[in-house]
Structure formats: C-alpha cells, structure tokens
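Colleague: Okay, predicted coordinates and the sequence, questions at the end:
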Amino acid sequence: MQSRNIVITAGAVVAAFAVAFGIGKVAGGGKASAGTGEAAQSIDVPSAAISASVTSEGLPALKPKPKPKATPTPTPAASAPQESSTTPAPVTPAPSTPAPSTPAPSNPDPGPVTGGGED
C-alpha cells in the first residue's frame, strides 16, 4: 500500500471511532447507574451428582515407534578392480524399429481465446 492510502484509512478509522464515541455519550445521557436500584433475587439450586466412567476395551494400548536401524558407514575399499570368475553374457543390441510418424495437424489448436467483445 502507498503511504497515502494508509493515512486515509487511519483517518477514516479515527473519525469512525470519534463518531461512535460521541453517539454513545449523547445516547447515554450521562447517568452514573443504569439500573432502578433494586437488588436481584437469589435462587437456591440443588446440587446435582455427576458421574462418568470409561471402559478401556475400545482403544488398543499405545505402541512405541520403532527406532530406525543405524546404517553403517561404508569404508573406502581399495581401488583395484575386482575380477569375476564368471564370464559376462554377450550383449546383443535390440532391433530398432522406426517409430510410426504421424503427420502434423493442418490446423493446430490455437489455445484459449482471450479478449473478445470488441469489433
């Protein structure tokens, strides 16, 4: 927000508060007490007995979360290549088939229409 907008908003809030305060003073008449001076009657209410019970059958016992096992840090091994006693299988290239080509549409989708209503 710009400082101009902030000042206008703050001024409007202060003016509204002042108007509401002024109306409250005028409507109240300046009386010290708003009552007729009569004391309210007290009522005796008998107490009620309250009891509650809960059965523990409905909920299972809480289980602790399992702790993750610590993964050992790998130790740097010697950089010598390991020779395997088995011979690797010969790799045969997969036959490649050309993908079927589809012709491009003659009228590509122009996308959503924006604007409008103007001649």
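Modeller: That came through, no problem.
Colleague: can you map out the helices along the protein?
Modeller: Taking DSSP state H, the helices of the chain run over residues 3-28.
Colleague: Can you pull the poorly scored residue ranges out of it?
Modeller: For the chain, the stretches flagged by pLDDT under 70 are 29-37, 56, 76-110, 116-119.
Colleague: Now with 80, please.
Modeller: Filtered on pLDDT under 80, the chain yields the residue ranges 1, 28-38, 54-61, 72-119.
Colleague: can you count the residues close to Gly111?
Modeller: By other C-beta atoms under 10 Å, 6 other residues sit near Gly111. No exception for glycine: its C-beta is placed from N, CA and C like everyone else's.
Colleague: before we move on, what about Val13?
Modeller: So Val13, with other C-beta under 10 Å, has 10 neighbours.
Colleague: how close does it get to Val19?
Modeller: Going from Val13 to Val19 by C-beta to C-beta, to the nearest Å gives 11 Å.
Colleague: same question, Ala12
Modeller: 11 Å.
Colleague: With Leu62 instead?
Modeller: Taking C-beta to C-beta, one finds Leu62 at 59 Å from Val19.
Colleague: the more surrounded of those two?
Modeller: More crowded of Leu62 and Val19, by other C-beta under 10 Å: Val19, with 10 against 6.
Colleague: got the contact list for Thr55?
Modeller: By C-beta atoms under 8 Å, 6 or more residues apart in numbering, no residues touch Thr55.
Colleague: Run a quick neighbour tally on Ala40.
Modeller: 6.
Colleague: just the one 4 residues further on next, same as before
Modeller: For Asp44, the number of neighbouring residues by other C-beta under 10 Å comes to 4.
Colleague: Could you tell me the phi and psi values at it?
Modeller: phi -90, psi 120 (degrees, to the nearest 10).
Colleague: Against Val13, how distant is it?
Modeller: Counting by C-beta to C-beta, the gap from Asp44 to Val13 is 49 Å.
Colleague: And for Pro64?
Modeller: 55 Å.
Colleague: Any figure for the gap between Val7 and Val14?
Modeller: Val7 is 11 Å from Val14, by C-beta to C-beta.
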